[in-house]
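> Need a 3D model of the following:
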Amino acid sequence: MWISKSLALMSAVPTAMGLLQVPQWISDGMVLQTSIEGGPKASLNGMSDAGGSVTVQFSNEKYTAVADSTGHWSVQLNPDAEEPGPVSFSITNEKGESIQVSNAIYGDVYFCSGQSNMVFPVENAINATEEAATLALFPHFNFFKAITHPASAPQDMLKGSPVWVNASSALANNASYVEQFSAICYMTAREISRLRTGTRPVGLVESAVGATRVESWMPESAFSLCPKFPPPVHNGTNAASALYNGMVHPFNYMAVRGAFWYQGERNAKEVLPTSEDKEAYYACMYQAMISSWRELKNIGDFGWVTEQLPPSLLSGAPNQQSTGWIPIRLAQAKTLPNSGGTTKNAGVAIGIDLGGISAWGSLHPADKNMMSRRMALQAVHAIFNVTGRMSASAVGNYLTAYDSYWSGPVFKSAEVTPQGVEISFQDTNSLQSLRMMDVNGHNANGTINPCTLCCAKSPPFEVLTSGNWKMIPLSDISIKSVTVTLTGGLTDVTAVRYANSDYVECALVNGDSLPLGPFSFNVTQ
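Numbering: from 1, shown residues only. Purely as a prediction, here's the structure:
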């Protein structure tokens with residue numbers, strides 16, 4: 001059923017007679033998704049003569065497929081035939097044409113996508129030289145980078161000739177390859193290895209393009225899930241489905257352990273009648289994109305981790321509410337399970353306290369280091385169903401040991417009580433040692449951008465009372481073991497919100513300094 005469904009959505013471009021092809025990711029040094037710990041079954045696919053047979057031969061297993069009327073074929077690999085070391089295999093059609101693949105290995109594959117903050121390379125992160133050098137301690141890592149390719153129809157092949165690069169090659173020439181690779185992609189996967197998977201091989205796929213909208217990453221079929229929101233017309237890399245067609249569809253048969261997503265900045269600039277409209281629009285489009293990627297891969301609800309937008313402005317900058325960041329953050333939060341969204345096996349890394357300046361400016365904060373650690377904590381929970389605290393041992397001289405709960409506080413509800421507005425949270429285990437924290441930005445050169453208003457002058461909680469928003473002073477924020485109560489003789493309260501600013505001067509954090517994410521909620525009396 002999967003094959004016929006997927007093939008129906010593939011581009012029906014006839015394959016030249018006698019031409020055996022596979023997408024470029026099926027090549028020497030590739031990582032095949034392992035079935036260990038519930039990983040999905042790996043698949044291979046390609047094009048050959050319509051109606052002709054194709055044989056995939058491993059040393060211990062043989063698979064046969066028949067190409068359909070458009071020349072497409074696929075096979076799903078037997079997880080019981082996985083081998084622990086490098087493997088080679090051949091793909092041959094009945095005309096005798098053959099493709100040889102060597103040094104493939106089973107491991108965990110992570111697909112990294114989004115816009116410029118996902119493209120943002122290791123060389124621009126804090127402690128860039130040290131971060132790149134850590135790859136020497138993770139020789140089991142392998143990299144693949146797609147070339148930008150907007151397309152008007154779904155493609156079978158990627159643009160150009162991208163290849164797999166192993167850790168040794170990525171470290172050559174003063175680590176030039178890894179320094180140019182996505183910082184979030186590399187460092188998140190590295191921390192997952194430290195927290196959970198150890199020396200299991202890892203394949204990282206970077207398929208991201210700067211200044212792109214979520215609509216360009218959505219297959220055409222996904223827009224039917226948002227009938228209230230017709231997508232705006234754009235061209236080039238921002239045309240609807242353009243980057244899905246050219247940079248995601250060719251990977252549809254690549255089984256993955258999970259996906260990392262960092263995007264939303266471009267959509268934040270969209271002009272819509274209200275902030276609520278922007279939130280609803282992006283929430284629908286983003287969840288539709290996730291759902292459709294999962295459906296078209298047909299490997300189940302593989303893990304999905306979102307980096308919620310960190311600040312794009314610095315402390316004290318004017319027009320903090322006009323950047324569009326606030327509704328995008330609220331929309332991204334809806335991908336959390338049990339938070340009003342439909343997405344499962346998902347996590348959201350909160351970054352409202354991780355602003356600062358990189359070589360690309362404040363729109364591209366430098367502290368991808370901490371963002372990656374938080375994404376990894378979310379990923380280990382969402383993908384491997386690990387709860388509670390997690391620990392990473394020291395590796396080498398630079399990567400120090402740490403221990404952390406997997407999440408910060410997650411908003412659940414709020415109600416008006418005789419004492420004030422009482423706020424409750426979803427996971428009480430995440431609430432150890434709650435406190436209010438001044439938020440300082442961290443720059444790529446190691447300096448600090450200190451908050452200008454901080455908790456004393458700009459606490460993050462507000463209530464809507466008698467039709468006006470009122471900031472709650474720090475002295476009227478009462479933190480208890482599992483709740484936060486806003487006091488101060490409040491009357492006629494109809495709503496409460498938190499962190500309603502691009503740069504948040506003050507955040508509620510737990511003992512691991514993991515912050516509560518932004519929320520807005522109509523309270524009950």
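
> which stretches of the stretch 51-200 of the chain have low pLDDT?
Within the stretch 51-200 of the chain, no range satisfies pLDDT under 70.

> all strands of it, in order?
53-57, 62-66, 72-76, 87-93, 98-114, 141-145, 165-166 (DSSP state E, counting those that start in this stretch).

> Which one, of the ones you listed, ends up nearest to Thr387?
strand 98-114 (19.9 Å; C-beta to C-beta). C-beta coordinates here come from the backbone N, C-alpha and C atoms, glycine included.

> Relative to the closest one, what are the paired strands and their orientations?
Paired strands of strand 98-114, with direction, are strand 31-33 (parallel), strand 87-93 (antiparallel), strand 202-208 (parallel), strand 258-262 (parallel) (DSSP bridges).

> Out of the ones you listed, flag the one nearest Gly51.
strand 87-93 (11.0 Å).

> What is the three-state secondary structure of Cys455?
Per DSSP: H, G, I helix; E, B strand; the rest coil, the local secondary structure of Cys455 is helix.

> Contacts only, for it.
Met436, Met437, Asp438, Leu474, Glu505, Cys506 (C-beta atoms under 8 Å, 6 or more residues apart in numbering).

> mind redoing it with 7 Å?
For Cys455, the contacting residues are Met436, Asp438, Leu474, Cys506, by C-beta atoms under 7 Å, 6 or more residues apart in numbering.

> If you drop the residues flanking it in sequence, what lies closest to it?
Nearest non-adjacent residue to Cys455, counting by C-beta to C-beta, 6 or more residues apart in numbering: Cys506, 3.7 Å away.

> Thought Asn440 was touching the one you found, still the case?
No: in this structure, Cys506 is not within contact of Asn440 by C-beta atoms under 7 Å, at 10.8 Å.

> The two: who's more crowded?
Taking other C-beta atoms under 10 Å, Cys506 and Asn440 do not tie; Cys506 has more neighbours (25 against 15).

> so how far is Asn142 from Met157?
20 Å (C-beta to C-beta, to the nearest Å).

> who's more crowded, the two?
Taking other C-beta under 10 Å, Met157 and Asn142 do not tie; Asn142 has more neighbours (24 against 17).

> ok, that one touching Arg200?
No: the criterion here is C-beta under 7 Å, and Asn142 misses it with Arg200 at 11.8 Å.

> residue contacts, Tyr498?
So Tyr498 contacts Pro460, Phe461, Leu516, Pro518, Phe519 (C-beta under 7 Å, 6+ apart).

> and it, what are its bridge partners?
Beta-bridge partners, per DSSP bridges, of Tyr498: Phe461, Phe519.

> Most neighbours among the contacts of Cys455, which one?
Cys506 (25 neighbours).

> quick one: contacts for it?
So Cys506 contacts Met436, Met437, Asp438, Val439, Cys454, Cys455, Ser458, Pro459, Pro460 (C-beta under 7 Å, 6+ apart).

> need the helices for this structure, in chain order.
2-9, 116-119, 128-133, 167-180, 183-192, 242-247, 265-268, 275-297, 325-333, 368-384, 454-457 (DSSP state H).

> Let me have those helices in JSON lines, adding distance to Phe58 as columns.
Shown next, in JSON lines, are these (distance: least, C-beta to C-beta, whole Å):
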{"stretch": "helix 2-9", "distance to Phe58": "20"}
{"stretch": "helix 116-119", "distance to Phe58": "34"}
{"stretch": "helix 128-133", "distance to Phe58": "35"}
{"stretch": "helix 167-180", "distance to Phe58": "24"}
{"stretch": "helix 183-192", "distance to Phe58": "26"}
{"stretch": "helix 242-247", "distance to Phe58": "29"}
{"stretch": "helix 265-268", "distance to Phe58": "43"}
{"stretch": "helix 275-297", "distance to Phe58": "22"}
{"stretch": "helix 325-333", "distance to Phe58": "41"}
{"stretch": "helix 368-384", "distance to Phe58": "27"}
{"stretch": "helix 454-457", "distance to Phe58": "60"}
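
> which residues does Pro23 contact?
Counting by C-beta under 7 Å, 6+ apart, Pro23 touches Gly46, Asp156, Met157, Leu158, Pro250.

> Could you report the pLDDT at it?
With respect to pLDDT, Pro23 has a value of 98.

> ditto for Met10
So Met10 comes in at 33 (pLDDT).

> Show the pLDDT at the residue nearest to Cys455.
Cys506 is given a pLDDT of 98.

> any idea how far it lies from Ala81?
The value you get for Cys506 to Ala81, if C-beta to C-beta is used, is 55 Å.

> Over to Trp261?
Separation of Trp261 from Ala81 (C-beta to C-beta): 32 Å.

> State the number of residues packed around the residue lying closest to Leu399 once chain neighbours are set aside.
Ranked by C-beta to C-beta, 6+ apart and with sequence neighbours excluded, the top spatial neighbour of Leu399 is Thr134, at 5.9 Å. As a burial measure, Thr134 scores 19 neighbours (other C-beta under 10 Å).

> Now do the contacts for Thr134.
Applying C-beta under 7 Å, 6+ apart, the residues contacting Thr134 are Arg190, Gly396, Tyr398, Leu399.

> Could you find the closest non-adjacent residue to the third one?
Using C-beta to C-beta, 6+ apart and skipping the chain neighbours, the partner closest in space to Tyr398 is Glu130 (4.7 Å).

> What is the neighbour count of the one you found?
By other C-beta under 10 Å, the burial measure for Glu130, its neighbour count, is 14.

> cool, Lys334 as well?
19.

> Distance check, the residue nearest to Tyr398 against Asp403.
Separation of Glu130 from Asp403 (C-beta to C-beta) stands at 21 Å.

> What of Val504?
As judged by C-beta to C-beta, Val504 and Asp403 stand 26 Å apart.

> Compare these two (neighbour count), which wins?
The neighbour comparison of Val504 against Asp403 (other C-beta under 10 Å) goes to Val504, with 25 against 10.

> ok, now how distant is Asp28 from Val87?
11 Å.

> Equivalent analysis for Leu296, please.
In terms of C-beta to C-beta, Leu296 sits 27 Å off from Val87.

> The contacts of Cys455 into TSV, with extra columns for distance to Lys228?
Below are the contacts of Cys455 laid out as TSV (distance: C-beta to C-beta, whole Å):
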residue	distance to Lys228
Met436	39
Asp438	41
Leu474	40
Cys506	36
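
> Now do the same contact list for Ser372.
Ile184, Met187, Thr188, Glu191.

> Which one of those residues is nearest to Gln332?
Of all those, Ile184 has the smallest distance to Gln332: 14.7 Å, by C-beta to C-beta.

> number of nearby residues for that closest one?
Ile184 - counted by other C-beta under 10 Å - has 29 other residues nearby.

> How about Asn103?
Neighbours of Asn103 (other C-beta under 10 Å): 15.

> Likewise for Leu20?
Count around Leu20 with other C-beta under 10 Å applied: 22.

> Thought Trp164 was touching Gln24, still the case?
No: Gln24 is beyond contact range of Trp164, at 9.2 Å (criterion: C-beta under 7 Å).

> nearest spatial neighbour of Pro121, skipping sequence neighbours?
Nearest to Pro121 is Gln180, by C-beta to C-beta, 6+ apart, at 4.9 Å.

> wait, the one you found sits on Phe120?
No: using C-beta under 7 Å, Gln180 is not in contact with Phe120, being 10.6 Å away.
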